[in-house]
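A.B. asks: sequence unavailable; structure follows:
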């Protein structure tokens, strides 16, 4: 029995980055032998075990054979005769098909180190085409490493295009699409995920609502980048910068402008009522991919209300309070910061505006703080009951928000 560290842990070590998951491959063993050593079985489709002390994953070396369309149709062979190279050959990318021996030496039969140095995402073998999830994984790795200068190899992109043309992507189930998308939104450059899927033709199949944004013009005075699809890419990247690792913010950023794809041609480049038009496609996307309710709900709110945030200084106190109430922020206070962050990503996700301030966010957060300072106790002490208390609290909140607006104007805050 020989044990090798494999996959992401080896890749990340060579990149000088910490690795969360450390996986091992065991060559020349059997399930019975692993159990005898105290390992605990966890694999359903093939033999994977947890180390008896540290719970790290140890998988028996295996090969796989395509037996049906999609990513479920595989037969696995974990016979003790399977070699390390055979195990590595079934992996997706060369940079993920390296192993480290117990003495620290590198086992690299597919030149993953070379591709790592040259910043290339390249498939290991033609078997890549047997699993459509790998298209999503390549796009996700591109989102992770684009800032380091990584690109998808031409032959890998062509293979992905061929897979899309062959209908392999049609077999992807919602849960897998969302799982990979969620991970991509947690990466530093989510735009690379969208660009990669678009380049191979998978975006129009998996995310037609997002694909439809490309080529749709916007008014140059507000959007120097013009193209709505490009703007969307800039917004998701800005969201990743403002809220690293927050896929909720990323999802709302990615879907905030879906209505612009539905603007009648005669209205372009204006997008009147795009915030309302975007709700239906957003809900369709969320339902199709079985997106978590929290993501779908906040996504709809950001879609509907983001223009109000940009106009925050102009809003009447009643309208500003109405915005807070529509966000259900008194029950879910985290939504104010989430909403303000998405709106800031939208405002700064534009050509030439990435380093600008977003004072509207400061104003919205402050407005919510002072609205929360209005409590029921004084009105109860004054003898009010039931609905009268809620009515009095609302009037007081409108009053203090009006005072905030006047104070902000006197201090010069409205200059921005």
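C.D. replies: Now that the structure is in, tell me what you want to look at. These figures come from a predicted structure and were not determined experimentally.

A.B. asks: residue ranges of the helices in the stretch 201-350 of the chain, please?
C.D. replies: Taking DSSP state H, counting those that start in this stretch as the test, the helices found in the stretch 201-350 of the chain are 203-206, 208-211, 228-242, 247-255, 274-277, 279-288, 293-310, 317-326, 334-348.

A.B. asks: out of the ones you listed, nearest to residue 164?
C.D. replies: Of all those, it is helix 203-206 that lies closest to residue 164, at 6.9 Å by C-beta to C-beta. Glycine gets a C-beta too; all of them are placed from N, C-alpha and C.

A.B. asks: least confident secondary structure element in the chain?
C.D. replies: strand 74-77 (a mean of 68; mean pLDDT, DSSP states H and E).

A.B. asks: could I get the buried residue list for the helix or strand following it?
C.D. replies: Next along the chain after strand 74-77, taking DSSP states H and E as the criterion, comes helix 84-89. Buried residues in helix 84-89, counted by 16 or more other C-beta atoms under 10 Å: 84, 86-89.

A.B. asks: can you give me the neighbour number for residue 282?
C.D. replies: Counted with other C-beta atoms under 10 Å, the neighbours of residue 282 add up to 26.

A.B. asks: ok, now residue 158?
C.D. replies: Residue 158 has 12 neighbours, counted by other C-beta under 10 Å.

A.B. asks: pLDDT wise, what is it at?
C.D. replies: Note for residue 158: predicted pLDDT of 98.

A.B. asks: look up phi and psi at it.
C.D. replies: phi -60, psi -40 (degrees, to the nearest 10).

A.B. asks: look up how far residue 136 lies from it.
C.D. replies: Between residue 158 and residue 136 the distance, using C-beta to C-beta, to the nearest Å, works out to 17 Å.

A.B. asks: from the buried residues of helix 84-89, which is closest to residue 362?
C.D. replies: Nearest to residue 362 among the buried residues of helix 84-89, counting by C-beta to C-beta, is residue 88 at 51.8 Å.

A.B. asks: once you drop chain neighbours, what's closest to that closest one?
C.D. replies: residue 97 (4.3 Å; C-beta to C-beta, 6 or more residues apart in numbering).

A.B. asks: just residue 52 next, same as before
C.D. replies: Using C-beta to C-beta, 6+ apart, the closest residue to residue 52 is residue 38 (3.8 Å).

A.B. asks: isn't that neighbour right next to residue 54, touching?
C.D. replies: No - here residue 38 does not reach residue 54: they are 11.9 Å apart, not a contact under C-beta atoms under 8 Å.

A.B. asks: higher neighbour count, the two?
C.D. replies: Using other C-beta under 10 Å as the criterion, residue 38 and residue 54 rank with residue 38 on top: 11 against 7.

A.B. asks: just the element for residue 4, please.
C.D. replies: For residue 4, the enclosing helix or strand under DSSP H and E is strand 2-6.

A.B. asks: quick check: pLDDT value at residue 196.
C.D. replies: For residue 196, the pLDDT comes out at 98.

A.B. asks: then residue 65?
C.D. replies: Note for residue 65: predicted pLDDT of 68.

A.B. asks: nearest to residue 370, of the buried residues of helix 84-89?
C.D. replies: Proximity to residue 370 was ranked across these by C-beta to C-beta; first place goes to residue 88, at 59.9 Å.

A.B. asks: what separation do you get for the closest one and residue 406?
C.D. replies: Counting by C-beta to C-beta, the gap from residue 88 to residue 406 is 68 Å.

A.B. asks: same thing with residue 24?
C.D. replies: Taking C-beta to C-beta, one finds residue 24 at 65 Å from residue 406.

A.B. asks: the more surrounded of those two?
C.D. replies: Ranked by neighbour count (other C-beta under 10 Å), residue 24 and residue 406 place residue 24 first, with 18 against 11.

A.B. asks: so what strands line up beside the helix or strand hosting the more buried one?
C.D. replies: Using DSSP H and E, residue 24 sits within strand 23-27. Note on strand 23-27: by DSSP bridges, its sheet partners are strand 2-6 (antiparallel), strand 57-60 (parallel).

A.B. asks: that one: how far from the chain's middle?
C.D. replies: Centre-to-centre, strand 23-27 and its host chain are 30 Å apart (C-alpha atoms, centre = their mean, to the nearest Å).

A.B. asks: same check on stretch 226-245?
C.D. replies: For stretch 226-245, the separation from the chain centroid amounts to 11 Å (computed by C-alpha atoms, centre = their mean).

A.B. asks: and it, what's buried?
C.D. replies: Applying 16+ other C-beta under 10 Å to stretch 226-245 flags 227-240, 242-243 as buried.

A.B. asks: what mean pLDDT does it have?
C.D. replies: Averaged over stretch 226-245, pLDDT sits at 98.

A.B. asks: stretch 345-363 too?
C.D. replies: Here the average pLDDT along stretch 345-363 is 96.

A.B. asks: who touches that stretch?
C.D. replies: 222-225, 231-232, 234-239, 242, 249, 253, 256-257, 306, 309-310, 312-313, 340-341, 343-344, 408, 413, 416 (C-beta atoms under 8 Å, 6 or more residues apart in numbering).

A.B. asks: same question, stretch 100-113
C.D. replies: With C-beta under 8 Å, 6+ apart as the test, stretch 100-113 has contacts from 3-6, 9-11, 13-14, 84-85, 88-89, 93-99, 124-125.

A.B. asks: returning to what we had before: tell me which of the strands paired with strand 23-27 lies nearest to residue 77.
C.D. replies: Closest to residue 77 of these is strand 57-60 (C-beta to C-beta; 9.9 Å).
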